[in-house]
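Enquirer: predicted model and sequence below, questions to follow.
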Amino acid sequence: MTEAWHRKKHVFPTKDELSVAMAKYTAHLSEKFCKEKGLFTVVLSGGGLIDWLCKLLEPPYKDSIEWSKWHVFWVDERVCAYEDPDSNYKLAMDGFLSKVGIPNENIYAIDKHYAADGNAEHCAALYEECLRNLVKQGIIPLCPNGKYPQFDLQLLGMGPDGHMASLFPGHPQINVKDKWVTHITDSPKLPPRRITFTLPVINSASYNLMAVCDDHTELCPRSIADIFKYNNLALPAAHLTAHVETMWYLDKAAAALL
Ligand SMILES: O=C1O[C@H](COP(=O)(O)O)[C@@H](O)[C@H](O)[C@H]1O
């Protein structure tokens with residue numbers, strides 16, 4: 001199969017150039033949505049992404065972005081204590097969120113107690129309840145079919161095996177459509193217990209930016225080629241779409257087999 005029409009991609013010579021472009025893309029959408037609706041809903045993932053967001057902490061972005069209007073969510077989370085080095089919340093807090101002026105009440109982490117207890121099922125149910133409450137409050141709109149929340153921008157990463165969020169190849173979570181947030185207790189990548197947005201929620205976002213770089217495995221360029229050249233839907237990341245734009249930012253190494 002040829003390249004899917006809905007995917008746009010940019011290949012950057014270095015991670016630094018990818019980070020600069022990512023900051024520009026995010027800042028542009030922040031300005032657009034803050035102007036249009038007075039707030040900006042941003043969904044983060046874990047992994048390398050937080051490090052690649054570092055340019056947002058530098059001029060001109062740090063002082064020009066309306067951080068107080070940001071509402072921050074996680075596309076997936078590892079079910080562990082907030083202080084655990086595996087926590088995507090901790091990663092984002094330490095590396096990014098604690099350095100900008102986003103009000104604490106606008107940062108929506110998984111339930112602290114169930115997370116520390118390792119209860120993935122409850123964490124998923126409570127996170128979905130949190131999203132449903134924010135829909136009722138008018139902070140998150142529903143997408144046009146009325147079934148799923150519509151975030152403004154999701155900043156995503158892909159694992160070398162082609163997983164995105166905590167949707168892993170060969171695992172059933174990719175097929176869940178009747179929930180907004182689901183859980184996994186046997187993730188092939190540790191830690192095993194996680195929660196994740198379901199695919200229809202991920203694909204309901206207005207803008208999805210998938211960044212893949214800084215990975216030194218051979219598997220990663222192979223997965224990228226599988227997605228872009230063959231549209232291999234066995235890889236969860238191959239299913240990524242968005243309502244307005246699905247953008248892939250790759251570094252040279254990730255794009256080596258394209
Ligand atoms: O486990 C996870 O992996 C993916 C990819 O991470 P990376 O380290 O290969 O960049 C990440 O997007 C996801 O949020 C995380 O929980």
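Expert: Received the coordinates, thanks. Numbers count the residues shown, from 1 in each chain.
Enquirer: how about the strands in this protein?
Expert: 7-12, 40-44, 70-74, 76-78, 153-157, 181-184, 194-197, 207-212, 245-251 (DSSP state E).
Enquirer: how close does G162 sit to L44?
Expert: G162 sits 20 Å away from L44, going by C-beta to C-beta, to the nearest Å. No exception for glycine: its C-beta is placed from N, CA and C like everyone else's.
Enquirer: do the same with F96
Expert: 8 Å.
Enquirer: out of those two, which sits in the busier spot?
Expert: Set side by side, F96 and L44 show more neighbours around L44, with 25 against 19, by other C-beta atoms under 10 Å.
Enquirer: now do T217, the pLDDT please.
Expert: pLDDT, T217: 86.
Enquirer: just checking, it touches G159?
Expert: No: using C-beta atoms under 8 Å, T217 makes no contact with G159, being 9.5 Å away.
Enquirer: higher neighbour count, these two?
Expert: G159 (23 against 12).
Enquirer: list the contacts of that one.
Expert: G47, F168, K189 (C-beta atoms under 8 Å, 6 or more residues apart in numbering).
Enquirer: filter those to the buried ones?
Expert: G47, F168 (16 or more other C-beta atoms under 10 Å).
Enquirer: ok and the residue in this structure nearest the ligand?
Expert: G47 (2.3 Å; C-beta to the nearest ligand atom).
Enquirer: who are the contact partners of that residue?
Expert: G157, G159.
Enquirer: quick one: the helices in the stretch 1-150 of the chain, in order.
Expert: 15-37, 49-52, 61-64, 88-95, 112-117, 120-136 (DSSP state H, counting those that start in this stretch).
Enquirer: swap in the stretch 151-258 of the chain?
Expert: Counting by DSSP H, counting those that start in this stretch, the helices of the stretch 151-258 of the chain are 199-203, 219-230.
Enquirer: so who does the nearest residue to Y61 once chain neighbours are set aside touch?
Expert: Among residues not flanking Y61 along the chain, A27 sits closest, at 5.0 Å (C-beta to C-beta, 6 or more residues apart in numbering). Neighbour list for A27: L56, Y61, S64, I65 [criterion: C-beta under 8 Å, 6+ apart].
Enquirer: swap the cut-off to 7 Å and go again
Expert: A27 makes contact with L56, Y61, I65, according to C-beta atoms under 7 Å, 6 or more residues apart in numbering.
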